[in-house]
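K.L.:
got a sequence here, can you build the structure:
(one chain, ligands or ions: 1)
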Amino acid sequence: MSGEAVIETRALSKVYRDFWGRQKVRALKALDLEVYRGEIFGLLGPNGSGKTTTIKLLLGLLFPSDGQALVFDKDATDVSKNERIGYLPEESYLYKFLNAEETLDFYGRLFDMPAEVRKERIDSLLKLVGIERARKRQLRESSKGMPRRIGLAQALINDPELILLDEPTSGLDPIGTREMKDMILQLRDQGKTVVMCSHLLADVQDVCDRIAILHQGELKELGRVDSLLTVEDVTQVKARNLSDDCRNELRDVIQRHGGELLEMDSPTTTLEDLFLSIVRDSEARPGRRIVGEHQRSGGDEGGAA
Ligand SMILES: Nc1ncnc2c1ncn2[C@@H]1O[C@H](COP(=O)(O)OP(=O)(O)OP(=O)(O)O)[C@@H](O)[C@H]1O
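P.N.:
Prediction:
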């Protein structure tokens with residue numbers, strides 16, 4: 001992929017030191033990375049692999065021990081560029097006696113936004129994150145997923161070009177997770193650049209265009225999600241309404257051509273899709289209690305070779 005690089009890191013390194021200046025942890029080791037305008041970029045890695053350290057270096061909250069990070073062609077330590085960045089930290093520290101609207105108004109004031117602009121922006125953000133109806137509810141009375149939504153709205157209050165999201169789906173139930181992923185995709189549709197860190201691989205796979213995998217502070221893999229996940233030597237065919245004869249013929253054809261049949265059965269859905277369809281069905285038809293197994297498995301017949 002080519003395009004305008006919004007983020008560029010060159011041999012970016014971070015060593016945390018203790019009180020006496022002795023090396024404690026090498027959190028990031030010579031990271032070379034580019035993130036392009038308009039893409040959703042995933043930073044993946046197990047706990048302690050350096051994801052949050054990278055985000056903090058990009059925000060200029062930490063100074064690199066070596067190397068350099070550029071954001072919008074400016075050194076990341078130049079915090080003036082942060083006016084064009086939105087940041088959702090791993091945990092949002094929100095004032096629990098304020099409601100959603102007041103919280104966003106507070107952050108809007110920090111950016112010196114005029115009252116009319118603030119009002120308009122808050123209305124559209126509350127709509128985007130799906131809490132228009134709960135806008136007057138104090139945070140201490142809200143559900144667990146609400147702070148994540150307000151956190152995202154707060155990160156977007158300054159209409160940023162680049163959005164850094166640290167574990168955006170943490171603490172959300174499957175519906176909240178799906179909605180958060182849709183919101184992230186919507187941001188890309190609006191031309192924003194999104195960098196998200198996560199160790200929830202399914203979430204990253206669903207939304208990211210490209211990913212970097214970090215392990216113990218080192219970059220281990222970098223590339224487009226679709227090409228990284230393509231299994232080159234396997235061909236998948238999906239078909240509906242195949243007779244037994246047709247399936248047998250397919251088996252013969254594959255054998256005749258020297259191929260190896262790995263699988264031919266009906267595809268399964270994901271647990272996420274199943275869960276969401278049950279909840280949505282239940283919302284549409286309250287009162288219905290159980291969907292029998294026979295009803296669920298009586299769907300489309302398919303075959304995959
Ligand atoms: N302020 C600090 N002082 C010393 N060591 C730190 C500090 N912050 C992070 N570390 C260490 O640096 C390493 C990288 O941490 P970092 O928080 O960047 O990882 P992460 O990939 O974001 O992990 P997680 O998924 O748990 O949030 C870890 O070994 C961590 O213990």
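K.L.:
and the next helix or strand past the helix or strand harbouring R149?
P.N.:
Following DSSP states H and E, one finds R149 within helix 146-155. Per DSSP H and E, helix 146-155 leads on to strand 162-166 as the next helix or strand towards the C-terminus.
K.L.:
beta-bridge partners for D166, please?
P.N.:
With DSSP bridges as the criterion, D166 is bridged to C197.
K.L.:
I'd guessed it sits against G86; true?
P.N.:
No: D166 lies out of contact with G86 (Cβ atoms under 8 Å); the separation is 11.7 Å. Where C-beta positions appear, they are placed from N, C-alpha and C, glycine not excepted.
K.L.:
just want the angle from the helix holding R149 to strand 162-166.
P.N.:
Taking axes from the mean of the first three to the mean of the last three Cα atoms, to 10 degrees, one finds that helix 146-155 is oriented at 160 degrees with respect to strand 162-166.
K.L.:
contact partners of stretch 165-182?
P.N.:
With Cβ atoms under 8 Å, 6 or more residues apart in numbering as the test, stretch 165-182 has contacts from 51-52, 55, 87-90, 130, 144-145, 147-149, 152, 155, 184, 194-200, 203, 206-207, 272, 275-276, 279.
K.L.:
and those near the ligand, which?
P.N.:
The subset of the contacts of stretch 165-182 within reach of the ligand, by Cβ under 6 Å from any ligand atom, is 51-52, 199.
K.L.:
for those, pick the one with the most neighbours.
P.N.:
K51 (26 neighbours; other Cβ atoms under 10 Å).
K.L.:
leaving out chain neighbours, which residue sits closest to that residue?
P.N.:
C197 (3.8 Å; Cβ to Cβ, 6 or more residues apart in numbering).
K.L.:
go on, L33?
P.N.:
Per Cβ to Cβ, 6+ apart, closest to L33 is T9, 4.6 Å.
K.L.:
the residue nearest to K51: neighbour count?
P.N.:
C197: 24 neighbours (other Cβ under 10 Å).
K.L.:
so who does it touch?
P.N.:
42-45, 51-52, 54-55, 165-167.
K.L.:
repeat the analysis, applying 10 Å as the threshold.
P.N.:
41-45, 49-52, 54-55, 90, 164-168, 204, 212, 214 (Cβ atoms under 10 Å, 6 or more residues apart in numbering).
K.L.:
model confidence over the helix holding R149, on average?
P.N.:
Taken as a whole, helix 146-155 has an average pLDDT of 89.
K.L.:
can you check stretch 206-215 too?
P.N.:
In the prediction, stretch 206-215 has an average pLDDT of 92.
K.L.:
so how far is it from its chain's centroid?
P.N.:
9 Å (Cα atoms, centre = their mean, to the nearest Å).
K.L.:
can you list the buried residues in it?
P.N.:
For stretch 206-215, burial by neighbour count (16 or more other Cβ atoms under 10 Å) applies to 206-214.
K.L.:
check stretch 226-246 too.
P.N.:
For stretch 226-246, by 16+ other Cβ under 10 Å, it's L242.
K.L.:
pull up the distance across that stretch, start to finish.
P.N.:
31 Å (Cα to Cα, to the nearest Å).
K.L.:
return the distance of it from the chain's centre.
P.N.:
Counting by Cα atoms, centre = their mean, stretch 226-246 comes out at 28 Å from the chain centroid.
K.L.:
so where's the stretch 151-300 of the chain shaky on pLDDT?
P.N.:
288-300 (pLDDT under 70).
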